[in-house]
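In: Provided below for reference: sequence and predicted model.
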Amino acid sequence: MKNKKPIIALGALAVVGLIAGTIAYFTSEVEFDNVFTTATYKTKSTEVFNSPQNWTPGETTEKTVTTLNEGTIPVAVRVLMTESWTKEDGTAFTPQELATVVGNIPQGSANTTDIAIINTSNVGTGAGKWTQWTYDGTTAYYYNTSLKPNATTSSVIASVTLNPDLKTKQTINTSTEGSVTTKTATTTIDGLGKATYTLTITVETVQFDQYKAVWFPGAAAGEAFEIVAAE
């Protein structure tokens with residue numbers, strides 16, 4: 001009986017070796033690093049304008065607004081111009097009051113519809129040109145072609161002129177002291193007097209591939225303004 005024990009031990013070792021051999025596999029592992037770098041969205045708008053303190057009929061004041069794309073992706077640009085007139089006492093002119101001033105402009109004048117004439121520039125078709133288009137029936141924006149990185153728009157506005165054909169009104173005040181009579185004549189624009197004109201330029205930009213979703217939400221095909229991609 002003692003001679004059989006070593007044989008049993010060897011058999012056990014053989015079984016262990018057989019089991020160990022059955023769990024050896026070929027394996028491999030690879031990785032792909034997909035790197036996404038976010039874009040830089042940065043625009044800068046610049047105005048050139050000196051506010052006149054004594055604006056007179058026929059006087060033209062330079063005013064330009066341009067936009068630079070300092071980012072890394074194309075952007076869409078649009079511009080809105082709104083006007084307002086304020087009386088000397090700080091109250092706003094009503095549309096009816098302004099319509100009366102316009103109505104006093106003589107027929108046959110070069111401009112019979114504007115108190116302040118906005119002189120636009122670079123308006124038309126083609127690269128870098130501005131096109132005025134109304135989406136909601138009331139708001140008329142100027143749209144440009146897409147603006148590439150490091151590119152600058154032209155200015156949709158060049159200057160503003162106070163209509164030279166506005167009707168004026170003269171008021172004479174007379175005072176007498178002894179033998180001296182003094183007459184003071186004051187001439188103002190009829191219906192305006194000493195007024196303040198404010199022209200507000202609003203510049204809006206959006207990444208080019210999303211301008212329809214942002215500016216024309218819910219618009220059907222053909223209802224949105226088609227901004228051309230810059231070459």
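Out: Happy to help now that I have it.

In: for this protein, which segments are assigned as strands?
Out: 43-49, 60-69, 75-86, 116-120, 131-134, 140-143, 157-162, 168-177, 180-189, 196-207 (DSSP state E).

In: neighbours around the closest residue to G128 other than its chain neighbours, how many?
Out: Closest residue in space to G128, ignoring its immediate chain neighbours: S154 at 5.4 Å, by C-beta to C-beta, 6 or more residues apart in numbering. Using the backbone N, CA and C atoms, a C-beta is placed for each residue, glycine as well. Using other C-beta atoms under 10 Å, S154 has 15 other residues around it.

In: for S154, give its distance to G90.
Out: S154 sits 36 Å away from G90, going by C-beta to C-beta, to the nearest Å.

In: before we move on, back to that, can I get the strands of the chain in CSV with mean neighbour count and mean pLDDT?
Out: Listed next are the strands of the chain as CSV, based on neighbours: other C-beta atoms under 10 Å; pLDDT from 0 to 100:
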stretch, mean neighbour count, mean pLDDT
strand 43-49, 14, 94
strand 60-69, 18, 96
strand 75-86, 18, 96
strand 116-120, 15, 96
strand 131-134, 15, 93
strand 140-143, 18, 95
strand 157-162, 19, 96
strand 168-177, 9, 91
strand 180-189, 10, 89
strand 196-207, 15, 95
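
In: can I get those in JSON lines including distance to V35?
Out: Output for those, formatted as JSON lines (distance: least, C-beta to C-beta, whole Å):
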{"stretch": "strand 43-49", "distance to V35": "26"}
{"stretch": "strand 60-69", "distance to V35": "24"}
{"stretch": "strand 75-86", "distance to V35": "24"}
{"stretch": "strand 116-120", "distance to V35": "46"}
{"stretch": "strand 131-134", "distance to V35": "39"}
{"stretch": "strand 140-143", "distance to V35": "35"}
{"stretch": "strand 157-162", "distance to V35": "43"}
{"stretch": "strand 168-177", "distance to V35": "69"}
{"stretch": "strand 180-189", "distance to V35": "64"}
{"stretch": "strand 196-207", "distance to V35": "21"}
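
In: out of these, nearest to A24?
Out: strand 196-207 (55.4 Å; C-beta to C-beta).

In: name the helices or strands packed onto the closest one?
Out: strand 43-49, strand 60-69, strand 75-86, strand 116-120, strand 157-162, helix 211-215 (3 or more C-beta pairs under 8 Å, 6 or more residues apart in numbering; DSSP states H and E).
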